[in-house]
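[1] What follows is a predicted protein model with its sequence.
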Amino acid sequence: MIYKPCVSIAESPATGIYLVEPKFDGIFTSIRKHKGKIEVWSRRGERKPTLEELLEGSRDKFPSDIWLLGEAEYGSQAGRIAVEKRGYPVIHIFDMVESVDEDKDIVKRKNRLNKLIIKLQDKHLESVEHKIIRATKIPETFKQYIKQGYEGIVIKDIDKDFQSEEWWKQKKVLTDEFIIMGYEFGQADWHWIKNYQIPKRGVVSNIVCGLWKDNKLVRVMRVGQMPFSVRIELTLHPKKYLGKVVEIKGFERFESGALRHASFVRFRNDLSGNQLKKKNI
């Protein structure tokens, strides 16, 4: 499903009644029964045999005229922790696509989905809870779900069907400071870099960022998302910024200290590497 991202709660709906559900941090999956077998597909159109094996027990009860849409507990630290705690992985089902004869009303569809999950009796499938609230309650609901450990929320206009412009997602955003330890370079054929004298090594593709751990500067992640002006500046003057502190934002903090979906925010010229070392230690 595609939602309009909210950079801040202020960008979420101000009026009306909405269906709000927690957003899980995992791999998007679509599930169907085809020619008597369960198929699980990723967003990229790739089959997921491991997940298909997990759902084999529900094959006989699975309808052949629907697609289930969900988030599988794979590919993230939060998902791994949940699996270790529970002892087995779960696909959190938040919606389904049915035959054209079914009522597309989202609330009724959610009720049918919940009944189907109960009928399947598969421990690897859970329906995502939801709340129907006024828009004024969205900020409070967002905070509640974040405290419970969710990645964020999805906000759906109850009068819309699928992938509407009136559907939003709001994620928790984290920021932190890191030290530039180096760079990764790559060749680019963007037409707009022809105005610059790019070194033979190429354009900076990633900033290698580190943190102080046990009195050692340790590489923790690469950051490739940055404004074009910053990319060119680092490409032309890489040594100037080695050891400098940068502020990075992301949507989850891993045990290593790295941020998920990290992107450049700014150079922290007010903070030195030694000051960050004291902060980390």
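    Everything's here; your move.
[2] for the stretch 51-200 of the chain, which spans come out with low pLDDT?
    Counting by pLDDT under 70, the stretch 51-200 of the chain shows low-confidence ranges at 75-78, 100-103, 161-166, 188-194.
[3] Would you map the helices across it?
    Using DSSP state H, counting those that start in this stretch, the helices of the stretch 51-200 of the chain run over 77-86, 106-120, 138-147.
[4] Now render those as TSV, adding mean neighbour count.
    Yep, even glycine has a C-beta here, placed from its N, CA and C like the rest. Formatted as TSV, the helices of the stretch 51-200 of the chain follow (neighbours: other C-beta atoms under 10 Å):
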stretch	mean neighbour count
helix 77-86	14
helix 106-120	16
helix 138-147	16
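[5] Burial check on the closest residue to residue 124 other than its chain neighbours, number of neighbours?
    With C-beta to C-beta, 6 or more residues apart in numbering as the criterion, residue 124 has its nearest non-adjacent residue at 4.7 Å, and that residue is residue 54. Residues lying near residue 54 (other C-beta atoms under 10 Å) number 21.
[6] quick one, what contacts residue 54?
    Residues near residue 54 by C-beta atoms under 8 Å, 6 or more residues apart in numbering: 88, 89, 91, 124.
[7] For it, give its distance to residue 237.
    51 Å (C-beta to C-beta, to the nearest Å).
[8] circling back: got the helices of the stretch 51-200 of the chain as a markdown table, with distance to residue 278 columns?
    Output for these, formatted as a markdown table (distance: least, C-beta to C-beta, whole Å):
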| stretch | distance to residue 278 |
| --- | --- |
| helix 77-86 | 27 |
| helix 106-120 | 51 |
| helix 138-147 | 29 |
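[9] Distance-wise, check the spatially closest residue to residue 146 that is not a sequence neighbour relative to residue 89.
    Nearest non-adjacent residue to residue 146, counting by C-beta to C-beta, 6+ apart: residue 172, 5.2 Å away. Distance, residue 172 to residue 89, using C-beta to C-beta: 23 Å.
[10] quick one on the thing from earlier: looking at neighbours, which among the contacts of residue 54 is most surrounded?
    Result: residue 91 is most packed of the contacts of residue 54 (other C-beta under 10 Å), 25 neighbours.
[11] Just list whatever residues bridge to it.
    Per DSSP bridges, the residues bridged to residue 91 are residue 72, residue 125.
[12] ok, now residue 96?
    For residue 96, the beta-bridge partners under DSSP bridges are residue 68.
[13] What residue spans form the domains of the chain?
    Domain ranges of the chain: 4-171, 174-280, per automatic domain parsing.
[14] Just the buried positions in the strand of greatest length in the chain, please.
    In the chain, assigned by DSSP state E, the strand with the most residues is strand 174-186. For strand 174-186, burial by neighbour count (16 or more other C-beta atoms under 10 Å) applies to 176, 177, 178, 179, 180, 181, 183, 185.
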